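Asks: Pasting the sequence and the predicted model now:
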Amino acid sequence: MGSFKKAKDFFVYLGKSTVDTLFPIECLGCGKEGSWLCADCLSAIRPDKHSLSGESLDRILTFYSYDQELLKKAIHFLKYKFVEDLAEPLGGLIVKNIREMGSRPGKEFIIIGIPLYRKRLIERGFNQAVLLAKIVSRDLGWPMEEKALQRVRATVPQVELEEEGRAQNIKNAFAVFDSSKIINKKIILVDDVLTTGATMEECAKTLKLSGAKEVWGVALAKG
């Protein structure tokens, strides 16, 4: 992780145009130069839509299966190889699917990206869920709250735990410090991958205890 961060900092120092010249961007699917996901490969990612509900979540929407190798690779490059440019096409997939919904959330909803703990945010340099949430907010015209929900303690990465340990791992990991931004609001939580849903459920529980009227979860992929 540290070596990736140092490499990213070095590339930022060089400047994006210089890096793109030295290391041309190639599509993760077909290798064609010019973008991380070309239009043909992006359109080849097959939708696999699910609409669920949870204990605290009024509705959970996922649009693709994480088992698709290209999508899994793109999400991995975004999160662990710090390719922030991938947020644009991946966020666009979320927007596309929401637009195609017959009955979709109205403009009264606000967008919140699932927060990272401060230490991990510093290590990574960005929060991929927030990047995706910003694209959803921008393209669909929903307001976004970046500070309303915060992660207040470190947790073990959920992917490292068995299903039964994930809820306990994430318990009381989030907090709302200014309930005026939340009370009586309808909220959409955005994340990249939903597995058991424990993280989104804990976020929704925290938001509802702070006065949120309704909470939806939206994830690009279902693991």
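Replies: Everything's here; your move. Numbering: from 1, shown residues only.
Asks: rest of the way, CA atoms for contacts and neighbours
Replies: Fine.
Asks: where does the chain have low pLDDT?
Replies: 1-23, 103, 159-164 (pLDDT under 70).
Asks: Please, where are all the helices along it?
Replies: Ranges of helices within the chain are 2-14, 16-22, 39-44, 69-80, 87-99, 118-124, 128-140, 163-170, 198-209, based on DSSP state H.
Asks: Report the angle between the fourth one and helix 87-99.
Replies: Put plainly, it is helix 69-80. Orientation check (axes from the mean of the first three to the mean of the last three C-alpha atoms, to 10 degrees): helix 69-80 against helix 87-99 gives 120 degrees.
Asks: Report the buried residues of helix 69-80.
Replies: Buried positions in helix 69-80, judged by neighbour count with 16 or more other C-alpha atoms under 10 Å: 70-72, 74-75, 77-79.
Asks: now swap in the last one and tell me
Replies: Within helix 198-209, the residues that qualify as buried by neighbour count (16+ other C-alpha under 10 Å) are 198-209.
Asks: Mind putting those residues into TSV with distance to G223?
Replies: Below are the buried residues of helix 198-209 laid out as TSV (distance: C-alpha to C-alpha, whole Å):
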residue	distance to G223
A198	13
T199	13
M200	14
E201	16
E202	18
C203	19
A204	19
K205	22
T206	23
L207	24
K208	25
L209	28
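Asks: M101 - how many residues pack around it?
Replies: 9 (other C-alpha atoms under 10 Å).
Asks: and what of W216?
Replies: Neighbour tally, W216, other C-alpha under 10 Å: 24.
Asks: Alright, I will stop here.
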